[in-house]
Each structure stands twice: as C-alpha cells, then as structure tokens.
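[1] Let's see this in three dimensions:
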Amino acid sequence: MKVTVAKNAGFCMGVRRAVDLAVDQSTSSSKIFTIGPLIHNTQTVEMLKGRGVEILDEDQLPPAGATILIRAHGIPPEMQAYYEQQGYRIIDGTCPKVKTVHKVIHKHRTEGFNIVLVGDEGHAEVLGLIGYAGESARLVQTPGDVDKLPEFEKVCLVSQTTFDGMTFDEITERMKEKYRDSTLKVKKTVCSATDGRQKETRELASKMDAMIVVGGRHSANTLRLAKISGRFAPHFQHVATESEIDWEPLKDCRTVGITAGASTPNWMINRVAEHVRFLARTKKISLPNIIWQFFGVLANLNVIVAFAAVAAYYASCYLQGFPFTATGASLAFLYLMSMYLWNSLTSIEMIQHLGISRYLFYEAHSRKLMLLAVMCICLLLVISYINSGTLFCLMLIPTFAGCLYHFSIVPAPLRRFFRYTNLKDIPTSRELFVAIAWAVLITFIPHAIQQTFVPTPGMVLFFLWVFFLAYLRSLIFDLKDIEGDRIMGRETLVTIIGEKRVRKTIYASLGLLTTVIICFSLVYVFPKYPWPGPHTVAFLFQIPVIFYLWLFMKWNHSITSDYATLFNIFADGQFFLVGLGAWIAHLVYPS
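    Numbers count the residues shown, from 1 in each chain. Prediction:
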C-alpha cells in the first residue's frame with residue numbers, strides 16, 4: 001500500500017504562529033487565557049492546557065492582571081478594547097491574513113460601502129469579521145443567499161479566510177449579476193494556503209483509492225476538505241486521531257491519500273500516516289512486511305543503535321591501538337540499549353508524538369520492556385565489576401545519571417529555590433548528556449579494560465569525533481520532532497534557536513570538521529606516521545562519514561515521510577561507517 005501525505009497538509013502560517021506564541025508565553029507557574037479554543041484541534045488544545053493555557057467562554061473574565069492570548073481567528077474590536085480597558089495584558093495571536101481582512105473591511109466601511117461577508121454562520125473568525133463590519137453587514141453562505149440581499153448602491157464582497165474558493169467564485173458571479181448597476185468591489189480574501197490546500201486535495205483525491213482527512217470536527221476548513229475528498233475519492237474517512245481509522249474499507253486499497261486541516265499539527269498527521277502503514281504491514285502477510293516488522297522491533301528495542309555503539313567501540317579500539325574485546329563490546333551494547341529503553345519507558349507519554357508504532361509497542365509491552373532494561377543495567381554492572389574496579393566506576397556513574405534523568409533530584413522542600421528540579425528540564429540537556437555518555441564510554445572503555453590511560457592527540461580527537469556524531473544524531477531526531485517537542489515543552493536546541501539556524505549550524509560544523517581533519521592530517525598524522533601506514537589509512541577511512549552526514553542531512557526529509565524504522569537505521573548509519581572504516585583499515589594493516 002502506498003500512502004501519500006499532501007504537501008500542504010497541517011498547520012498554516014497563522015495557526016503555527018498562534019501556537020508558537022502560546023508555547024513561548026506559557027510557563028508552569030503562570031497561566032494565560034484564550035477566549036474560546038486557540039485553534040480547532042482538541043489534541044493541541046489539551047497539550048497546551050497542560051502548559052498552563054486555559055480556555056474561557058466569552059462571558060467569563062480571567063483573574064485581574066492576567067494575560068489574554070487572542071486566538072488565530074481573531075475577536076471583535078469592541079471585545080479587545082474591553083479587555084484592554086480592564087487592564088489585562090493582551091497578546092495578539094490573530095492570523096495576519098485575518099487581520100488583512102479586518103483592514104479591508106474597515107477601509108471600505110469608512111468609504112461608505114455596505115459589507116457582504118461570505119462565511120460560515122457562527123464561526124469564530126466570522127464573528128470577529130462582523131465585529132469590524134458593523135451591524136449592517138450581511139452574511140451569505142451559498143449563491144442562493146445572494147438573491148435575499150437588499151439593493152445596495154455601493155457594496156464590498158469579502159470572505160472568511162478558510163472559505164471554499166470555488167463556492168466564493170460562484171457567489172461572486174451571482175453578485176455581479178445582482179449588482180450590475182451598482183458599485184461592486186470583490187475582495188477574494190480566501191487565504192492562499194487554504195485555496196492551495198483545497199486544490200491539492202481535489203487533485204490528490206482524484207488519484208487515490210481512498211482519502212483520509214485528519215482534523216477536528218469543529219474545524220470549518222477540515223470539514224471542507226472532507227467534503228472535497230468525498231466528492232473526488234472512491235472512499236474517504238474523516239478522523240481526529242489514528243484510533244478512529246476504519247481498516248476494513250482500506251484493506252484492498254493500493255493507494256491512500258492523507259490531508260489535514262490548517263489546525264491539525266504535523267505530528268498528528270504523521271501518526272495517522274504511520275498507523276496506516278503499520279496496519280498495512282501487520283494486517284497483510286508478505287515477506288516485505290515481515291522484514292519491516294522485524295526491523296521495526298529491533299528499532300523499538302534500540303538494538304540497532306546498540307549495535308551502532310559496538311561498531312564505534314571497534315573503531316575506538318583499533319584507532320587507539322587496543323585489542324577489540326567481547327567485554328567492551330557487550331558493555332557498549334548493553335549501556336546504549338538499556339539507557340535509551342529506560343528513558344523512553346519512564347517518559348512514555350512524552351514520546352507518543354514521536355512515533356505511533358513505537359508508542360504502541362512500548363505501551364503494550366511496558367512491563368516486559370522495563371524488566372529487560374533493568375536486566376541489561378544489572379548485567380552491564382556485573383560484567384564491569386568482575387573485570388575491574390576502574391571499569392565498574394566508569395560504567396556506574398553514567399548509568400546512575402542516565403537512570404535519574406527523568407526523575408526529580410531536588411528534595412521537595414527545596415524545589416521552590418531551584419528553577420530546574422531534574423536533569424531533563426535543563427535546556428538542551430538531553431543532546432549534551434547523551435553525547436558526553438557516548439564519547440566517554442566509547443573512548444575510555446578500552447583504557448579501563450587494559451588498566452591504562454595514556455593521553456594522546458589521537459585519543460582527544462576520537463573523543464571529540466564520537467561526541468560530535470552523537471550530538472548530531474540527537475539534533476537530527478530533534479529536527480524531525482520539532483513540532484511535538486515544542487508542544488510538549490521540551491527545550492531542545494532546535495526549539496530554542498529554530499530549525500533553520502540549527503541546520504545552518506550543522507552544515508557549518510561539517511565544513512569546519514572537514515577543515516580540521518585536513519589540517520590535522522597535514523600537521524600531525526602524515527608527518528608523524530609513514531605513508532601508507534595503519535594510522536594514516538585508518539584516519540582516512542573516517543572521512544567518508546562526513547560525506548554520508550552531508551547526504552543524510554540533505555535527504556532526511558524524504559526518509560521521515562516513509563518509514564520511521566528506516567529513519568532510525570540511517571540516523572545510526574554514521575556509527576556503522578565509523579566501524580567499517582576501522583575494519584577496512586584493519587584488513588589493510590592488521591594490528
């Protein structure tokens with residue numbers, strides 16, 4: 001089954017702006033209030049409520065001095081003026097496209113035009129537009145409504161930004177006929193994003209065996225997409241979440257299209273798309289599906305990243321001149337597998353927006369998986385203790401820190417004196433701590449096993465190399481999960497400085513790293529070691545990893561839209577290449 005997600009599905013610019021304002025302004029200690037739901041999406045509103053964003057009815061007043069966030073649909077001007085007079089702090093989250101309609105209405109109203117508004121009666125945006133148009137404004141929803149309008153000498157026709165563009169055009173033609181002897185100005189204020197989304201839905205639905213429209217049932221633009229899909233696709237479903245998908249009508253479909261309204265977050269669209277693929281793989285028995293299920297289980301168990309750690313450990317041993325041991329490989333494998341598994345299970349609700357198949361897998365097998373994680377932790381500590389006290393201490397400290405990452409480490413009576421009570425609340429902490437753990441263990445396990453520690457430039461370079469790769473791996477996943485992380489309140493580097501800046505930083509880092517490697521080879525490696533020789537060959541075989549990262553950063557968007565498991569494999573591929581480079585060097589110059 002081929003699942004195609006519409007390119008324009010999901011948050012429009014105005015909704016994203018309103019949600020970003022809510023996330024940026026909300027804190028755990030102070031609440032902000034919206035008059036009505038910020039956007040028409042229950043899941044997003046509920047998550048924002050967990051961050052202190054409360055919904056008020058229009059007849060309710062928030063506490064004195066509170067902050068009011070105007071929702072994306074806007075509110076009537078007299079309502080906003082009232083709240084300002086009452087001394088409330090106002091944050092204007094009105095969509096800029098809606099504010100443009102406000103200006104159009106105000107301009108033509110002051111010029112003596114009668115305002116005819118095309119929109120859905122009772123819709124939040126329409127109520128705000130009527131507030132700007134005044135009591136004399138007329139609302140029409142169909143071409144037939146035009147015939148009921150009185151005669152006007154001057155009339156201006158505007159529309160709700162999320163109205164159906166084709167229906168607006170039909171109404172426009174009827175208006176031109178009715179007011180051919182009057183001054184008629186037509187302002188098609190349907191948002192271009194809405195118009196484009198509807199056009200794309202028509203084109204996609206006509207090519208698909210089935211369409212799934214994702215979004216709230218109170219969202220006008222989502223309901224229009226559902227109406228369009230029902231008109232052009234042989235079968236369609238309108239769902240709010242992946243749990244509402246009816247598989248029976250889809251089981252024989254070869255192509256399924258997915259689109260979503262402007263209030264639907266991307267993480268929810270991805271969950272629906274991933275769930276459809278998951279159903280297609282699990283409900284239909286075939287060799288490709290069995291293979292994908294197998295690799296999916298390995299990815300969910302963090303076995304793939306654990307083997308990637310073993311590959312990096314092999315490179316560490318060869319490049320630092322130590323023998324590769326089963327003890328060290330086992331410790332690297334057990335630590336990475338147990339820590340990723342442990343922290344996912346201890347924060348299972350926070351990962352539900354990162355991948356529905358992984359979330360369902362963890363939820364279904366949480367007790368068994370937690371037991372597996374504990375057994376891995378105990379086993380790695382026993383293995384390290386039997387080997388030496390040095391190795392035991394090396395493994396104990398990062399294991400202890402990793403287990404406590406999601407738990408409060410500040411006693412309850414003292415928490416009011418600290419801004420952060422656990423490690424996970426520290427901004428960008430996960431990326432930093434994970435990279436440090438990777439670099440310390442992969443670099444120093446060989447030293448601890450051999451009971452020796454001799455600092456060398458090569459050791460420092462390899463430590464920085466592993467740190468960089470591990471940190472970059474975390475950033476790659478943060479880039480994929482940026483919207484969900486913002487909603488859940490995780491302060492990653494991506495959510496703090498933005499996706500574009502992080503991507504630029506990564507590309508700049510890759511360029512800098514290439515320069516450093518070239519300079520290091522010219523200044524240290526080649527003059528000190530003969531060419532060709534084991535050290536120079538091993539060093540040069542690490543360079544392809546950089547080119548791999550360049551390519552992965554360029555193409556990872558297309559990978560995320562297919563299979564989450566495939567993304568995990570490619571994200572860990574850099575460490576396998578590190579080990580492969582060392583292995584090829586070993587074949588050329590056995591140590």
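[2] Could you measure from the residue positioned nearest the centre of the chain over to A571?
    Using CA atoms, centre = their mean, the residue of the chain that lies closest to the mean C-alpha position is D481, 2.6 Å off. Distance, D481 to A571, by CB to CB, to the nearest Å: 12 Å. In this view, the C-beta of every residue, glycine as well, is placed from N, C-alpha and C.
[3] now swap in F400 and tell me
    27 Å.
[4] who's more crowded, those two?
    The residue with more neighbours, out of F400 and A571, is A571; 22 against 11, by other CB atoms under 10 Å.
[5] For the host helix or strand of that one, which helices and strands make contact with it?
    Element membership of A571, judged by DSSP states H and E, is helix 564-588. Here helix 564-588 touches helix 287-300, helix 303-320, helix 457-480, helix 534-540, helix 543-560, going by 3 or more CB pairs under 8 Å, 6 or more residues apart in numbering; DSSP states H and E.
[6] can you map out the strands along the chain?
    Secondary structure of the chain by DSSP state E: the strands cover 2-5, 32-35, 53-56, 67-70, 89-92, 114-118, 138-140, 154-159, 183-186, 210-214, 236-239, 255-260.
[7] residues touching the residue lying closest to R138 once chain neighbours are set aside, list them.
    With CB to CB, 6 or more residues apart in numbering as the criterion, R138 has its nearest non-adjacent residue at 4.9 Å, and that residue is V116. By CB atoms under 8 Å, 6 or more residues apart in numbering, the contact set of V116 is 137-140, 149, 155-158, 175.
[8] can you rerun that using 6 Å?
    Contacts for V116 (CB atoms under 6 Å, 6 or more residues apart in numbering) come out as 138, 155, 157.
[9] Format those residues as TSV; extra columns: distance to R202 and neighbour count.
    Shown next, in TSV, are the contacts of V116 (distance: CB to CB, whole Å; neighbours: other CB atoms under 10 Å):
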residue	distance to R202	neighbour count
R138	29	19
V155	30	22
L157	24	26
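[10] ok, so what distance separates the residue nearest to I569 when sequence neighbours are not counted from F576?
    Excluding its sequence neighbours, the residue lying closest to I569 (CB to CB, 6+ apart) is I304, at 6.0 Å. According to CB to CB, I304 stands 9 Å off from F576.
[11] so T264 touches G215, yeah?
    Yes. Contact criterion CB atoms under 6 Å: T264 and G215 qualify, at 4.3 Å.
[12] anything in contact with each of the two?
    Shared contacts of T264 and G215, defined by CB under 6 Å, 6+ apart, are absent.
[13] Quick check, I269 in contact with K7.
    No. The pair I269 / K7 is not scored as a contact, 11.3 Å apart, by CB under 6 Å.
[14] Between these two, tell me which one has more neighbours.
    Neighbour count, other CB under 10 Å: between I269 and K7, I269 has more, with 24 against 12.
[15] For that one, which non-adjacent residue is spatially closest?
    I269 sits nearest to A260 (CB to CB, 6+ apart), 4.9 Å away.
[16] wouldn't the one you found be in contact with G10 here?
    Yes. The criterion here is CB under 6 Å, and A260 meets it with G10 at 5.3 Å.
[17] Show me whatever sits in contact with both of those two.
    Overlap of the contact sets of A260 and G10 (by CB under 6 Å, 6+ apart) consists of I269.
[18] More neighbours: which of the two?
    A260 (30 against 25).
[19] what are the bridge partners for the residue lying closest to T172 once chain neighbours are set aside, then?
    Among residues not flanking T172 along the chain, V186 sits closest, at 5.4 Å (CB to CB, 6+ apart). Beta-bridge partners of V186, counted by DSSP bridges, are L157.
[20] State the pLDDT value of V186.
    V186 carries a pLDDT value of 91.
[21] roughly how far apart are it and Y83?
    Using CB to CB, V186 is found at 34 Å from Y83.
[22] for L522, same thing?
    L522 is 66 Å from Y83, by CB to CB.
[23] Look at the two and report which has more neighbours.
    A direct count of neighbours by other CB under 10 Å for L522 and Y83 places Y83 higher, at 19 against 10.
[24] Contact partners for the more buried one?
    Per CB under 6 Å, 6+ apart, neighbours of Y83: I68.
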